[in-house]
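Asker: Coordinates only, no sequence provided:
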């Protein structure tokens, strides 16, 4: 089934097409959910919520950019929306001079399961900002728009996330540059 036919069939509510779409993209989208969630169960809930929105809005896909990119954007936005409802994303004003001067830690050599566990343990506002900036390549401007905060808050949250990660990794005897 072509991508265009798949989209058309899903738009019509065809359950077989929806199942096919789920099987085709769920692993990639689950990876995104796992990155932004505190644990596997929460990631599964976020994946489910994302697919519900994807199936509801699939008729809105306008073929501008890739379909997989659209699915990923829906997934990230679904997770972000959930966290915006749970807690305010703003952080107490911190001095940025010292934090911005710190270089980003090199995460090379850190086992992926260890890194993922440490990222999942970050407070929501730090975890989400870290993932968006470091792992997904969003700019501070894009992050601040998505989270309804200032660019300064995004920078502060990123610096704080890096600091917490550095401390967590040191505590388990993994030293990073």
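Answerer: Looks like it arrived, so ask away. Remember, predicted model here, so these are calculated numbers, not experimental data.

Asker: where do the helices sit along this structure?
Answerer: Counting by DSSP state H, residue ranges of the helices within the chain are 3-11, 15-36, 40-57, 67-86, 96-101, 112-120, 124-130, 140-147, 151-171.

Asker: Buried deepest among those, which one?
Answerer: helix 124-130 (a mean of 23; mean count of other CB atoms under 10 Å). Backbone N, C-alpha and C define where each C-beta goes, glycine included.

Asker: Can you spell out which helices and strands pack onto that helix?
Answerer: Contacts defined by 3 or more CB pairs under 8 Å, 6 or more residues apart in numbering; DSSP states H and E place helix 124-130 against helix 67-86, helix 112-120, helix 140-147, helix 151-171.

Asker: 7 Å instead, please
Answerer: Packed against helix 124-130 by the contact rule (3 or more CB pairs under 7 Å, 6 or more residues apart in numbering; DSSP states H and E) you find helix 67-86, helix 151-171.

Asker: Format those helices as a markdown table; extra columns: distance to residue 127 and mean pLDDT.
Answerer: Putting these into a markdown table (distance: least, CB to CB, whole Å; pLDDT from 0 to 100) gives the following:
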| stretch | distance to residue 127 | mean pLDDT |
| --- | --- | --- |
| helix 67-86 | 9 | 89 |
| helix 151-171 | 7 | 91 |
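
Asker: can those helices go into CSV with extra columns for distance to residue 59?
Answerer: Formatted as CSV, the helices and strands packed on helix 124-130 follow (distance: least, CB to CB, whole Å):
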stretch, distance to residue 59
helix 67-86, 12
helix 151-171, 33
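
Asker: Just the pLDDT for the most centrally placed residue in the chain.
Answerer: For the chain, residue 36 is the residue whose C-alpha lies nearest the centre (CA atoms, centre = their mean; 4.3 Å). Here the pLDDT value assigned to residue 36 is 90.

Asker: Ok, the one 5 residues further on next?
Answerer: The pLDDT attached to residue 41 in the predicted structure is 95.

Asker: same question, residue 99
Answerer: 43.

Asker: from memory residue 161 sits against residue 132, does it?
Answerer: No. Assessed by CB atoms under 7 Å, residue 161 is found out of contact with residue 132, at 10.4 Å.

Asker: Tell me how many other residues crowd residue 62.
Answerer: Residue 62 has 7 neighbouring residues, counting by other CB atoms under 10 Å.

Asker: measure it to residue 70 for me?
Answerer: If you measure residue 62 against residue 70 using CB to CB, to the nearest Å, the figure is 9 Å.

Asker: All set, thanks.
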